[in-house]
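>>> Starting from these lines, generate the structure:
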Amino acid sequence: MDALPRDFYMKKDEIATIGIFSTIYAIIRVVPLFPIIGTQASFPLSDVLVPLLGMILEPKIAFLSITLGTFISFVLGKPPIFLGLDFAPAALAAFCVGKTLKNEKLQPSLLFLLAILFYFIYPNSLPFIEVSSIPIPYMYLHIVALLLIIFYPFNKFIYSVKRRQVLISVFLLVFACTMIQHAIGTDIFLVVFGNVLGKISSEAWPIIWKTCFYLYHIERIAISSLSFLITIPTLAILRKRKLR
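Numbers count the residues shown, from 1 in each chain. So this is what the prediction gives:
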């Protein structure tokens, strides 16, 4: 009997990888992390895994693993918040991380830029928040993260032999990933809860955005820090195994 083509085995490996990581992601996604303002739901603990999956998996594998894992989590008891689009923020963020590490920055940069612009022009958003009478862009940290994606040489420094460069670069990429996820999630939140479901009135939106502005800094730093603490030892273990 002729041997099966090599592509067949590669596809089997990809399917197995997606199966393993989607299951892990789904189980952790059931655990709540922080409440989502304006809803009765919470951000899932699985958010801390998103940057790691983007770094260790191929972009399409990371995207599919998170997408499938999200739908499995629905079966496990984590109800959908965004009409089934719950997978999009994390899956797209992981995809962007993978592409960025490959130094293929066009797609991540465009996607992130569009997510930021969408918020600025969409009705019911609050593009600027006044802090001590100074208007500050609601998504100013997202803009910082976008600039990191465009200009920072992640593919060079994350694989550096210099520990300090690696640590700084991993944290910056983890931070950028959480901000991509937050930008996309914010846009979906606007559309679903504002227009499709109509659960939030026009009068309530400014209060929500002002509250979120002061809270998302704490939330994103906490998620980035937890993700960093998980990602660094995992990458170190994988690097040691590869060297062997």
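>>> burial of Lys99, as a residue count?
For Lys99, the neighbour count with other CB atoms under 10 Å is 21. All C-beta spots, glycine's among them, are computed from the backbone N, C-alpha and C.
>>> same question but for Ile232, I mixed them up
Other residues close to Ile232 by other CB under 10 Å number 16.
>>> Now it. Nearest residue, chain neighbours left out?
Spatial nearest neighbour of Ile232, chain neighbours left out: Val170 (6.0 Å); criterion: CB to CB, 6 or more residues apart in numbering.
>>> The host helix or strand of Ala91 packs against which elements?
Following DSSP states H and E, one finds Ala91 within helix 87-101. Here helix 87-101 touches helix 50-56, helix 59-75, helix 106-121, helix 154-157, helix 163-189, going by 3 or more CB pairs under 8 Å, 6 or more residues apart in numbering; DSSP states H and E.
>>> which outside residues touch the fourth one?
Same thing as helix 154-157. With CB atoms under 8 Å, 6 or more residues apart in numbering as the test, helix 154-157 has contacts from 100-103, 165-166, 168-169, 172-173.
>>> The residues you listed, buried ones only, as a ChimeraX selection?
The ChimeraX command for the buried members of those (criterion: 16 or more other CB atoms under 10 Å) is given here:
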select :100,101,166,169,172,173
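>>> Can you tell me which of the contacts of helix 154-157 is closest to Ala115?
Nearest to Ala115 among the contacts of helix 154-157, counting by CB to CB, is Thr100 at 14.9 Å.
>>> how close does that closest one sit to Pro35?
30 Å (CB to CB, to the nearest Å).
>>> what's the answer for Leu238, then?
When Leu238 is compared with Pro35 (using CB to CB), they lie 34 Å apart.
>>> And for Ser169?
Using CB to CB, which is the criterion applied here, Ser169 is 31 Å from Pro35.
>>> Kindly report the same for Leu147.
30 Å.
>>> so Phe34 sits in a helix?
No - read with DSSP: H, G, I helix; E, B strand; the rest coil, Phe34 is strand and lies in no helix.
>>> which residues sit in contact with the closest residue to it other than its chain neighbours?
Spatially, and ignoring its direct neighbours in sequence, Phe34 is nearest to Phe43 (4.7 Å; CB to CB, 6+ apart). Going by CB under 8 Å, 6+ apart, Phe43 touches 32-36, 219, 223.
>>> name the element Phe43 belongs to?
Going by DSSP H and E, Phe43 is part of strand 42-44.
>>> just for this structure, where's the confidence low?
For the chain, the stretches with pLDDT under 70 are 1-10, 38, 241-244.
>>> next one: the biggest helix by length in it to chain centre, how far?
Looking across the chain with DSSP state H, the single longest helix is helix 205-243. Remark: helix 205-243 is offset 9 Å from the chain centroid, using CA atoms, centre = their mean, to the nearest Å.
>>> buried stuff in that helix?
205, 208-209, 212-213, 216, 219-220, 223-224, 226-228, 231-232, 235.
>>> Could you do stretch 49-61 as well?
Under 16+ other CB under 10 Å, the buried positions of stretch 49-61 are 49-57, 59, 61.
>>> out of the residues you listed, which one sits closest to Thr186?
Looking across the buried residues of stretch 49-61 and measuring by CB to CB, the closest to Thr186 is Val50, at 15.6 Å.
>>> Quick check: that closest one touching Ala93?
Yes - when contacts are counted by CB atoms under 8 Å, Val50 is listed as touching Ala93 (5.5 Å).
>>> Mutual contacts of these two, please.
177-178, 181.
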